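In: Sequence plus predicted model, see below.
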Amino acid sequence: MEKTLLAYEAPDLDLLHLAELDAERGITMAAEWMAIDGDKRTTHTEGESFNSYFGTYVFW
């Protein structure tokens, strides 16, 4: 890898917003998923979803 092509200083873009999933929200989401899986008459809901990812890449 060509070191001259790597950025050594980067501006703070304020892109890190850690998500917190508390117990009440988790229970609400689980109940929604159970309703869909448990009763096949349920064909559509407004939906619940949660996705969170945090990763770090290091190049040397």
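Out: Now that the structure is in, tell me what you want to look at.

In: C-alpha only now, for contacts and for neighbours.
Out: Will do.

In: quick one: pLDDT of the residue sitting nearest the centre point of the chain?
Out: The centroid of the chain falls nearest to residue 52 when counting by CA atoms, centre = their mean (1.9 Å). Here, the pLDDT recorded for residue 52 equals 71.

In: i'd like the first residue to be 35 from this point on
Out: In the new numbering, first residue 35, that becomes residue 86.

In: three-state assignment of it?
Out: coil (DSSP: H, G, I helix; E, B strand; the rest coil).

In: Touching, it and residue 54? I think so.
Out: No. The pair residue 86 and residue 54 fails to qualify as a contact (CA atoms under 8 Å) at a distance of 9.1 Å.

In: thinking again about what came up before, OK, contacts around the residue nearest to the centre of the chain?
Out: 52, 53 (CA atoms under 8 Å, 6 or more residues apart in numbering).

In: Check the spacing between it and residue 37 real quick.
Out: Counting by CA to CA, to the nearest Å, the gap from residue 86 to residue 37 is 32 Å.

In: go on, residue 52?
Out: In terms of CA to CA, residue 52 sits 31 Å off from residue 37.

In: Can you pull out the low-pLDDT segments for this structure?
Out: Within the chain, the stretches with pLDDT under 70 are 35, 76-79, 81-85.
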